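Colleague: Predicted structure and sequence below. I'll ask about it afterward.
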Amino acid sequence: MEVDKSIMVNGGMKLPVGYRFHPTEQELILHYLLPKAFASPLPSSIIPVFDVFFSHPLTFPGDQEERQRYFFCKKRQEVSSNDHRIKISSGNGYWKPIRKERDITACGRTVGIRRTLVFRGTNNSSSSSNKTRWCMTEYCLAGFSSTKMFGEWAVYKVYKRKEPKGRRQRKPRVRDAEEEEFTIGSNHEFGPPPPSPPTSADESGSII
């Protein structure tokens, strides 16, 4: 299916104003991933093919203002069985599962499996990694035969988690100019104290 280049934004499809691509998990599995796995026609070309394990999520195609984006990608195997991390090709980070796999059911049978991964950035000069707010949900087929003949495809929903409220920096309160101005001699309760009355020494000009 050919896509009009006029509706493409940064390598991904841009929907008209007011439209959102928000399928259920069952719709994503049965109407998009299953036809893709069997090389059958898709209902729409709104999900592009992109290697999500190639580079940092900041470089992913599509409209950056969208809350979540979907991509077709071949599954990748974990580097090791201990931490199950999946390194990206550019070498500046890896994806790591953070939750257990969960079955997706439709019509009383299991049709897919989902799991969530978080992206951790790495520095070439250091072996440590930094947890980011980038996440993606991996959707795979389950219970279907002969899908591997076209490759083990998966759908990835990429999104960015919101920053916790406790970590958000509060803006300092700007005090009004009226609170900063004080007039000497006024009865303002926050103003400077009134001058003390003159002593007898001040009146006579000599000390008694």
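Modeller: That came through fine.
Colleague: Point to the helix or strand of this structure where mean pLDDT is at its lowest.
Modeller: One helix or strand of the chain scores below all others by mean pLDDT, DSSP states H and E: helix 177-180, with a mean of 48.
Colleague: hey, where'd the helices end up in the protein?
Modeller: 25-27, 34-37, 177-180, 200-204 (DSSP state H).
Colleague: In terms of mean pLDDT, which of the ones you listed ranks lowest?
Modeller: The stretch with the lowest mean pLDDT among these is helix 177-180, at a mean of 48.
Colleague: Spatially, what comes nearest to residue 133 if we skip its sequence neighbours?
Modeller: residue 161 (4.4 Å; CB to CB, 6 or more residues apart in numbering). C-beta: built from backbone N, CA, C; applies to glycine.
Colleague: How about the contacts made by the one you found?
Modeller: By CB atoms under 8 Å, 6 or more residues apart in numbering, the contact set of residue 161 is 133, 134, 135.
Colleague: now do 10 Å
Modeller: Contacts for residue 161 (CB atoms under 10 Å, 6 or more residues apart in numbering) come out as 118, 132, 133, 134, 135.
Colleague: Residue 68 now?
Modeller: Here residue 68 is in contact with 20, 21, 22, 62, 135, 136, 137, 157, 158, 159, 160 (criterion: CB under 10 Å, 6+ apart).
Colleague: Give me the subset of the residues you listed lying in strands.
Modeller: 135, 136, 137, 157, 158, 159, 160 (DSSP state E).
Colleague: Who does the last one form a beta bridge with?
Modeller: Beta-bridge partners for residue 160, by DSSP bridges, are residue 134.
Colleague: Can you give me the neighbour number for it?
Modeller: Other residues lying near residue 160 total 16 when counted by other CB atoms under 10 Å.
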